[in-house]
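Trainee: sharing a model prediction with you, sequence too.
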Amino acid sequence: MVVVGFVGVGVVGGNGSVVGENRIQNYGRFVLSSRFISRANHRFVNRCSSRGRSGMKSSICMQIVDEKKLLDTRAKEIFMPALSSTMTEGKIVQWLKAPGDRVEAGDIVMVVESDKADMDVESFEAGYLASILVAEGDMAAVGSTVALIAETEEEIASIQECGLDCIVSGSGSRHDGTTAVQTTEHPIAEKAPAPAASSVPKPNLAELFMPALSSTMTEGKVVQWTKNEGGRIEQGDIVMVVESDKADMDVESFEEGYLAHIKTQEGESCPVGDAVGYIAASEAEIPAVKAWALQQSSTAAPAPSAASAPAVAAPSASAAPISAAAPRAVVNTGRIVASPYAKKLAAENGVDLKTVQGTGPSGRIVAKDVTSAATGNGATAPAAVAAAAAPTRTDGKIVATPDAVKVAKKEGIKLETVTGTGNFGRITAEDVLKAAGKAPAPKKVASSASSESAPAAAPKAAVELPSGSVTMNAMQKAVAKNMTQTLSVPIFRVSYAIKTTALDALYAKTKAKGVTLSSLLAKAVALTLEKHPIMNASYAPDAIVYNERINIAMAVAMPDGGLVTPVLANANTEDLYSLSRSWKDLVKRTMEKKLSPQEYSSGTFYISNLGMFGVESFDAVLPVGAGSILAIAGSKPRMSVGSNGLPNIEKEMIVNITCDHRIIYGAQAAEFLRDLAGLLENNVGDLLL
């Protein structure tokens, strides 16, 4: 059967831009756009012809695309976001990435002009920018595709060839700007209308929504509000930090006004798209917006009493008399950036994070900073230390907020001379003002009785026992979902005992130089995989996908629940000392939830090591999309018979490998373990080469 559909004819001007109608028709499972396509003999046909007329030329295009290549090639879309509640289309002011450039999650890919302001648009997906469909200066409707992202560099040419037909179903690149939407245009449906006598009229307000920060995110947890109720919000201000199923990310506002009411408190979760707060247009309208918001909440829950209204602020007020020790100096007067575990420790031990100097990336407060502060050993370095640690861009691109660009023009400052302290090294208006020698206006910080309080004398030793049903966090839910999906994969397991005398000796010799046992094991596995490529492969429908790179992903348990697999890329070619440095950095940033998607999702072989807990043997669950995972237990002395026939005591560790039986067979797994044992027992010196 041949399906033919005439989709669109455009008039092409001298500059190559297409003027004309772009209609989309759907024939079965094929979506055809802006070209004449037929399906015959399992191939897509797309040829181009043109004829000149009055300096212009009309174009009807047909292109030959191999269907198998089309099905094997996967592209993700970048959409035109809705940057305000009234925006229906946007103009691309600037592309900050060029075709072929690497794109990481969180990278700013373009600057879009909406009906209100110029805004930076970040990518929530990682890959390579394959094709730009809407050029700088052109307009695009909200929700339309403006560019395509390839998963690998090798797929760029194929995606440029097949275009929109390569799009992955359900691409997570679509997003709507995540912020305020005028409720006059999007009213909230009330489940049970309040009685007319107590009804509060709906004021002029805007809603802050929970954003979709990744393609798999269905709900998010508010880790921190960076604005207080009553605080002023400008366009581009970071209003909250949200924990998705993968990482913590800052959320900016595309609207201005005053934060009138916080609906979702810190530590609480809500589905993507739900309102988490309300913005009033003016300071005088804050009481009316708050009253209306409380009335909406009362339709789903009992109305709060007068005594319970300020319950959120109660913990900070009661934290003042925790200790009679001398108060610590306040070193954080603006937004406080801390890891989730550090916040948990601070709450448990009564430590005010305003008095803690962060030593993590970009001055982030980590767990050890809170522990030091709780025991009275924390340092209070000047604010200049945090400023010096601010991240800078290394790609040579100048990325600045729209406000920064305006201030730079006003002050006559060249952005090339300004060091950005914003997210991903972005230049902010404050950076420009500092470069101009003008101190930015100090931010208003809500007063709190705990700001002058002293920390507790020592951390709590007892572990609080949870009771009843405890809701999973986003990462725990993602792990549970992935583990359930693996039940459909046929697997088998093979065990092997490996003597560790030579490995222990090498570790003792190199430990002082910074070598970790995890990097030794990763290096040994990677070198063995070079001889057994099938163990580094993965399953695809009716195919085996062999990976050119050997990326070792090693499981790390998170303190607050969940599991992350940081990746040691190219572990077979990196030297042992570089691997050790990389692993220490990866573990540190894993605990702070600062890994990029490429650093936790690009593994080709997985390792789960529980040897440090002294376990004798265990099986690991095969991750989704993986071909193998190696479970490594502890090394213990065991009785054996030596080559001379005499009893011998030597340390051994039991390793169990779990494999996808669709592509790997028992003999192949056994040969891999045999060669791994041979390397660690007889040729461990090869790890230093």
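Mentor: All right, it came through fine. Residues are numbered from 1 along each chain as shown.
Trainee: below-threshold pLDDT in the stretch 551-689 of the chain: ranges please.
Mentor: Within the stretch 551-689 of the chain, no range satisfies pLDDT under 70.
Trainee: tell me where it has helices.
Mentor: Per DSSP state H, counting those that start in this stretch, the stretch 551-689 of the chain carries helices over the ranges 576-591, 597-601, 666-682.
Trainee: contacting residues around the residue lying closest to residue 676 once chain neighbours are set aside?
Mentor: Leaving aside its sequence neighbours, residue 676 sits nearest to residue 528 (C-beta to C-beta, 6 or more residues apart in numbering; 4.5 Å). C-beta here means a position set from N, CA and C on the backbone, and glycine is covered the same way. Taking C-beta atoms under 8 Å, 6 or more residues apart in numbering as the criterion, residue 528 is in contact with 672, 675-676, 679.
Trainee: which of those sits closest to residue 591?
Mentor: Ranked by distance to residue 591 (C-beta to C-beta), the contacts of residue 528 are led by residue 676 at 29.0 Å.
Trainee: just checking, the closest one touches residue 525?
Mentor: Yes - with contact defined as C-beta atoms under 8 Å, residue 676 counts as touching residue 525 (6.6 Å).
Trainee: who has more neighbours, those two?
Mentor: The neighbour count for residue 676 versus residue 525, taken as other C-beta atoms under 10 Å, is higher for residue 525 (28 against 24).
Trainee: what helix or strand is the more buried one located in?
Mentor: Residue 525 belongs to helix 517-529 when assigned by DSSP states H and E.
Trainee: may I have the phi/psi pair for residue 569?
Mentor: phi -70, psi 140 (degrees, to the nearest 10).
Trainee: ok, so what distance separates it from residue 525?
Mentor: Counting by C-beta to C-beta, to the nearest Å, the separation of residue 569 from residue 525 is 14 Å.
Trainee: check residue 286 too.
Mentor: 59 Å.
Trainee: over to residue 515?
Mentor: For residue 515, the distance to residue 525 - C-beta to C-beta - is 16 Å.
Trainee: report the beta-bridge partners for the residue lying closest to residue 275 once chain neighbours are set aside.
Mentor: Spatial nearest neighbour of residue 275, excluding adjacent residues (C-beta to C-beta, 6+ apart): residue 207 at 4.3 Å. Beta bridges link residue 207 to residue 181, residue 278, judged by DSSP bridges.
Trainee: do you know the pLDDT at residue 207?
Mentor: Confidence at residue 207, expressed as pLDDT, is 85.
Trainee: quick check: it touching residue 274?
Mentor: No - with contacts counted by C-beta under 8 Å, residue 207 stays clear of residue 274, the gap being 9.2 Å.
Trainee: looking at the two, which one has more neighbours?
Mentor: residue 207 (21 against 14).
Trainee: residue 405 contacts residue 418, doesn't it?
Mentor: No - counting by C-beta under 8 Å, residue 405 does not reach residue 418; the two are 10.9 Å apart.
Trainee: where do the strands of the stretch 51-200 of the chain begin and end?
Mentor: 56-66, 75-79, 89-95, 102-103, 108-113, 118-122, 127-132, 139-141, 145-150, 181-182 (DSSP state E, counting those that start in this stretch).
Trainee: next: the stretch 501-650 of the chain.
Mentor: Going by DSSP E, counting those that start in this stretch, the stretch 501-650 of the chain shows strands at 538-540, 543-545, 552-554, 556-557, 563-564, 567-568, 605-609, 628-641, 647-660.
Trainee: which non-adjacent residue is nearest residue 616?
Mentor: Residue 616 sits nearest to residue 633 (C-beta to C-beta, 6+ apart), 5.6 Å away.
Trainee: and the gap between the one you found and residue 515?
Mentor: Taking C-beta to C-beta, one finds residue 633 at 21 Å from residue 515.
Trainee: and residue 251, by the same measure?
Mentor: For residue 251, the distance to residue 515 (C-beta to C-beta) stands at 40 Å.
Trainee: swap in residue 150?
Mentor: For residue 150, the distance to residue 515 - C-beta to C-beta - is 37 Å.
Trainee: compare those two and say which is more crowded by neighbours.
Mentor: residue 150 (25 against 22).
Trainee: give the burial count for the closest residue to the more buried one other than its chain neighbours, as a bare number.
Mentor: Among residues not flanking residue 150 along the chain, residue 130 sits closest, at 4.1 Å (C-beta to C-beta, 6+ apart). Residues contacting residue 130 under the criterion other C-beta under 10 Å number 26.
Trainee: residue 241 is in contact with residue 223, isn't it?
Mentor: Yes - Residue 241 is in contact with residue 223 according to C-beta under 8 Å; the separation is 4.5 Å.
Trainee: who's more crowded, those two?
Mentor: residue 241 (21 against 18).
Trainee: show me the beta-bridge partners of the more buried one.
Mentor: Beta-bridge partners for residue 241, by DSSP bridges, are residue 224, residue 250.
Trainee: ok, it to residue 606 distance?
Mentor: Look at residue 241 and residue 606: by C-beta to C-beta, they are 30 Å apart.
Trainee: cool, residue 676 as well?
Mentor: Counting by C-beta to C-beta, the gap from residue 676 to residue 606 is 15 Å.
Trainee: how about residue 654?
Mentor: As judged by C-beta to C-beta, residue 654 and residue 606 stand 17 Å apart.
Trainee: comparing the two, which residue is more hemmed in?
Mentor: More neighbours surround residue 606 than the other of residue 654 and residue 606, with 24 against 20 (other C-beta under 10 Å).
Trainee: dump the residue contacts of the closest residue to that one other than its chain neighbours.
Mentor: Nearest residue to residue 606 in three dimensions, chain neighbours excluded: residue 629, at 3.9 Å (C-beta to C-beta, 6+ apart). If you count contacts by C-beta under 8 Å, 6+ apart, residue 629 has them with 605-608, 620-623, 657-658.
Trainee: 10 Å instead?
Mentor: 486, 491, 493, 553, 555, 565, 603, 605-608, 619-623, 656-660 (C-beta atoms under 10 Å, 6 or more residues apart in numbering).
Trainee: buried subset of those residues as a ChimeraX selection?
Mentor: Selection of buried members from the contacts of residue 629 for ChimeraX, criterion 16 or more other C-beta atoms under 10 Å:
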select :486,491,553,555,565,603,605,606,607,608,620,621,622,623,656,657,658,659,660
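Trainee: neighbours of residue 593, how many?
Mentor: The local packing of residue 593 (other C-beta under 10 Å) involves 21 other residues.
Trainee: and the nearest residue to it once chain neighbours are set aside, how far from residue 479?
Mentor: Leaving aside its sequence neighbours, residue 593 sits nearest to residue 248 (C-beta to C-beta, 6+ apart; 4.7 Å). Distance of residue 248 to residue 479, given as C-beta to C-beta: 17 Å.
Trainee: how about residue 673?
Mentor: Distance, residue 673 to residue 479, by C-beta to C-beta: 27 Å.
Trainee: below-threshold pLDDT in the stretch 51-200 of the chain: ranges please.
Mentor: Residues of the stretch 51-200 of the chain meeting the criterion pLDDT under 70: 51-74, 83-86, 114-117, 164-199.
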